[in-house]
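Asker: return atomic coordinates for the entry below.
(one chain, ligands or ions: 1)
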Amino acid sequence: MAAATSHNAIVSTQSHRWNGKNSRLDRRAANVRLVSVGSCCPGSGKLGLVCASGSKSSVIDPVHLPSNGKGGHSPKKSSESSLILIRHGESMWNEKNLFTGCVDVPLTPKGVEEAIEAGKRICNIPIDVIFTSAMIRSQMTAMLAMMQHRRKKVPIITHKESEQAQSWSKIYSEDTKEQSIPVITAWQLNERMYGELQGLNKQETADRFGKEQVHEWRRSYDTPPPNGESLEMCADRAVSYFKDQVVPHLTAGKHVMVAAHANSLRSIIMHLDKLTSQEVISLELSTGIPMLYIFKEGEFIRRGSPVGPSEASVYAYTRNLATYRDTLDSMVQ
Ligand SMILES: O=C(O)[C@@H](CO)OP(=O)(O)O
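Answerer: You can find the predicted model right below:
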């Protein structure tokens, strides 16, 4: 079996890259103004920043958050938006160690817990639109995570599969729409199709075909499993979709969450972090760990993973994210 490195492996892949050939990104990351906060969720780490109503091009919630009454200052607008990527929580076939691919399997109770924990980690990050794959495990994860969000907007799946579906799911109140977050589902974000490995036990497959062969099927960039998709083939649809459908929202100043799968997200992260086909081999994503990027001036700046509410370590917010969080703090007072 492939060495199952943790999410931290991403960090080491990434920091190696940032310290190396992509020094331009290094400087960009260093230029982002950091505001340290002690923990993530309600009531913690007030930063004393004044909030006001937002705008579509700012990290402040674009749906007119009320003023906190501390004065009439407006935050400086910036063209910064946040992108959260999250792999679904543990599925019932992850638990059984079966190749899953495009088989539509739900979360386990542990996966549900992971999604809720992920939601706590991102409960202070603005989210205007959510993309999920067409599969239940990513949709469950997105919905469970959003139940924890402090803004308490309601994530609503948009149904555009037919005119009737579109008209029957219409909302007839602008106020209610304002308090909703559209959830767009797309098959292009589905897990890589694992072909004839789907449903097979990973350990038994390694015993039968050899560890190296199975590792190549699972982690190489361009070797597809028998009658399945390689990562390259998966990237063709997932990264194209990301560029065509997700990036325009970020460019418009919207804050986006993408809930998807190990390999569809590996291909997107490969694109965002400009990883080579060699580097992507060691990129492993744990279930239910959200990853944050800031999109600014056309560049993606990796911010790592927000800490959970009970973790003591310090997480660096951008100034705009800290302002948004401060606004949420003021709303619950
Ligand atoms: O079975 C799968 O679909 C994937 C993700 O769980 O497995 P792997 O780690 O082999 O890419």
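Asker: so which bits of the protein are right by the ligand?
Answerer: Residues of the chain lying close to the ligand (Cβ under 6 Å from any ligand atom) are 94, 99-101, 191, 194, 218, 262-263. C-beta coordinates here come from the backbone N, C-alpha and C atoms, glycine included.
Asker: take these and keep only those in helices.
Answerer: Using DSSP state H, the members of these that fall in helices are 94, 218, 262-263.
Asker: now these in JSON lines, with neighbour count?
Answerer: Below are these laid out as JSON lines (neighbours: other Cβ atoms under 10 Å):
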{"residue": "94", "neighbour count": "20"}
{"residue": "218", "neighbour count": "22"}
{"residue": "262", "neighbour count": "18"}
{"residue": "263", "neighbour count": "25"}
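Asker: with respect to residue 324, which of those is nearest?
Answerer: residue 262 (29.4 Å; Cβ to Cβ).
Asker: what pLDDT is listed against the closest residue to residue 146 other than its chain neighbours?
Answerer: Once flanking residues are discounted, residue 146 sits nearest to residue 155: 4.5 Å by Cβ to Cβ, 6 or more residues apart in numbering. Looking at residue 155, its pLDDT is 98.
Asker: what residues sit buried inside the helix or strand hosting residue 155?
Answerer: Taking DSSP states H and E as the definition, residue 155 sits inside strand 154-157. Going by neighbour count (16 or more other Cβ atoms under 10 Å), the buried part of strand 154-157 is 155-156.
Asker: same question for stretch 131-140.
Answerer: By neighbour count on 16+ other Cβ under 10 Å, the buried set for stretch 131-140 is 131-133, 135, 137-140.
Asker: so who does residue 144 touch?
Answerer: Applying Cβ atoms under 8 Å, 6 or more residues apart in numbering, we find residue 144 in contact with 89, 112, 115-116, 119.
Asker: so residue 322 sits in a helix?
Answerer: Yes: counting by DSSP: H, G, I helix; E, B strand; the rest coil, one finds residue 322 located in a helix.
Asker: so for it, what's the pLDDT?
Answerer: As summarised for this prediction, residue 322 has a pLDDT of 79.
Asker: next, count neighbours for it.
Answerer: 23 (other Cβ atoms under 10 Å).
Asker: quick one: end-to-end length of stretch 149-169, please.
Answerer: Stretch 149-169 has its terminal residues 24 Å apart, counting by Cα to Cα, to the nearest Å.
Asker: oh sorry, the question was meant for stretch 224-238
Answerer: Terminal residues of stretch 224-238 lie 16 Å apart, using Cα to Cα.
Asker: check which residues of that stretch are buried.
Answerer: Applying a neighbour-count criterion of 16+ other Cβ under 10 Å, one finds 224-225, 228-232, 234-235, 237-238 buried in stretch 224-238.
Asker: ok, now stretch 249-261?
Answerer: 249-250, 253-261.
Asker: out of those residues, which sit inside strands?
Answerer: Counting by DSSP state E, the buried residues of stretch 249-261 place 256-260 in strands.
Asker: which residues pair with the residue nearest to residue 146 across the strands?
Answerer: Residue 155 has these beta-bridge partners by DSSP bridges: residue 181.
Asker: so who does it touch?
Answerer: By Cβ under 8 Å, 6+ apart, the contact set of residue 155 is 130, 142-143, 146, 180-181, 183.
Asker: make CSV out of the residues you listed and add neighbour count and secondary structure.
Answerer: As requested, the contacts of residue 155 are exported to CSV (neighbours: other Cβ atoms under 10 Å; DSSP: H, G, I helix; E, B strand; the rest coil):
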residue, neighbour count, secondary structure
130, 27, strand
142, 28, helix
143, 18, helix
146, 23, helix
180, 16, strand
181, 19, strand
183, 20, strand
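Asker: pick the one among those residues closest to the ligand.
Answerer: Nearest to the ligand among the contacts of residue 155: residue 142, at 17.3 Å, using Cβ to the nearest ligand atom.
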